[in-house]
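Asker: Output the structure for:
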Amino acid sequence: MKNLLVALFTVMFSFVSYSQTIEVEFKNHLGFNSGKYSSYEDVIKEDNMLVKEFRSGGTNKYVIHLDTKKIMLFYNDKLIETETVIDYQVKKGLIFITFNDVELLTGEPVNSHIVINQNEKDKKHPKFTFYFISKTDGLSNGYKSID
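Answerer: Sure thing, here's the model as predicted:
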């Protein structure tokens, strides 16, 4: 009987999928250039932003599959691109994700970063931040949600 239970548990366990999927959706965001900063905390500081541009007009949605290491960007429910997650960490309610990307100005590969704030009470950090360090000028560029 004991062997039967162990075998049954093993079969059931093999069919269970432990999917780690994160979805974040927002409409309004602010595009920015933060100078030569590379840390998340420095990039999001208003005082460090050299250029700010409010943008809106559609719904941005990111779906991140940590188990398959894929990140998908949707705009108004249309898939725009899929990239590969390099690394992720969770620190103090913030999820830090680094992924392969391409810098639009140069067409060169670049590591981009997404930070997701899971704590709705935390108003210090945006719900969503995307940024990368440009290979052409070393400046931090990206956007953060403002809704």
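Asker: What segments of the chain are strands?
Answerer: 21-26, 29-33, 51-55, 60-65, 70-75, 78-91, 94-102, 109-117, 128-133, 140-145 (DSSP state E).
Asker: give me the low-pLDDT residue ranges for the protein?
Answerer: 1-19 (pLDDT under 70).
Asker: circling back to that earlier point, turn the strands of the chain into a markdown table, including distance to residue 44 and mean neighbour count.
Answerer: Using the backbone N, CA and C atoms, a C-beta is placed for each residue, glycine as well. Shown next, in a markdown table, are the strands of the chain (distance: least, C-beta to C-beta, whole Å; neighbours: other C-beta atoms under 10 Å):
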| stretch | distance to residue 44 | mean neighbour count |
| --- | --- | --- |
| strand 21-26 | 15 | 15 |
| strand 29-33 | 8 | 19 |
| strand 51-55 | 12 | 11 |
| strand 60-65 | 17 | 19 |
| strand 70-75 | 20 | 16 |
| strand 78-91 | 14 | 12 |
| strand 94-102 | 11 | 17 |
| strand 109-117 | 8 | 19 |
| strand 128-133 | 6 | 21 |
| strand 140-145 | 6 | 21 |
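Asker: what's the closest of those to residue 40?
Answerer: The closest of the strands of the chain to residue 40 is strand 109-117. By C-beta to C-beta, the value is 5.3 Å.
Asker: How about residues contacting the closest one?
Answerer: Here strand 109-117 makes contact (C-beta atoms under 8 Å, 6 or more residues apart in numbering) with 22, 24, 40, 62, 64, 71, 83, 86, 93-103, 125-135, 142.
Asker: State the distance from the residue nearest the centre of the chain to residue 147.
Answerer: Nearest to the mean C-alpha position of the chain, counting by C-alpha atoms, centre = their mean, stands residue 114 at 3.1 Å. Between residue 114 and residue 147 the distance, using C-beta to C-beta, to the nearest Å, works out to 17 Å.
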